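Q: Structure, please.
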Amino acid sequence: MFKVPLAITIVLIIIALIAFIVVIKSTNLEIIDRVTSSIAIFACLGGGISATFVVCSYIHTNFAFVLSLKPSLLIQVTSVNKNSKPPSNIPITIIHYQNTTANEFTDLTLNITILVANREVDISNLFRPKMFMAAHDSRNRRFETLSLLSQQGIDVDSETSAGNPVELKTGYIYTFNKKIEKRNGPEYKWDADIQCWDIY
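A: Numbers count the residues shown, from 1 in each chain. As a prediction, the model looks like this:
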């Protein structure tokens, strides 16, 4: 935080010292003029240093205020089993996402990607793109894991049996201060033994 004002201060001091040496060594000035000029140089130095720290402090304060307006999203993926005809259970994926700040999203887009055997399958269409999300809003999206991935051409049981890990990556994009912000969320791996997503 203080690197810039310190650097500027050092430059100002060097300039003031050079000016002071020039004044002291000047043969065209009377002693009283040298003293007056020296006082003026150091007065200007003090004013320049004060102004530097005031301006830099204002810039950092303003920057911190702008950052305080930035929203942030918490994404969590969990799994539950929906009981069907015994003894079968249908694994359900629940994607929970929550605005953890007092600031709203105006164009939030979630990115959810499945990775398996050098393939990437985008399932972000489960969510509406560029959606509005109010402060502290919390939402869930659930789907039948095996069924949805099967529709995308992924046989989870076959892939895991073949030793290919099935991974789920999360992230989101939004606009803040007229700039596109992209954030990566947690990543998960499918545990075939207990039929759920494990974070890693």
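
Q: in stretch 146-157, what counts as buried?
A: L146, L149, I154, V156 (16 or more other C-beta atoms under 10 Å). C-beta: built from backbone N, CA, C; applies to glycine.

Q: Also stretch 56-76?
A: C56, P71, L73, I75, Q76.

Q: tell me the SS of the first one?
A: Spelled out, it's C56. helix (DSSP: H, G, I helix; E, B strand; the rest coil).

Q: give the contact list for S72.
A: Contacts for S72 (C-beta atoms under 8 Å, 6 or more residues apart in numbering) come out as N99, T100, T101.

Q: Distance of it relative to C196?
A: 26 Å (C-beta to C-beta, to the nearest Å).

Q: Also S138?
A: 21 Å.

Q: residues touching the residue of the chain positioned farthest from its centre, list them.
A: Distance to the chain centre peaks in the chain at E30, reaching 61.3 Å (criterion: C-alpha atoms, centre = their mean). E30 makes no contacts at all, as judged by C-beta under 8 Å, 6+ apart.

Q: For this protein, give me the ranges with low pLDDT.
A: 1-2, 83-88 (pLDDT under 70).

Q: helix or strand for V23, which one?
A: Element membership of V23, judged by DSSP states H and E, is helix 3-25.

Q: who's in contact with that helix?
A: 29, 34, 37-38, 41-42, 44-45, 48-49, 52-53, 56.
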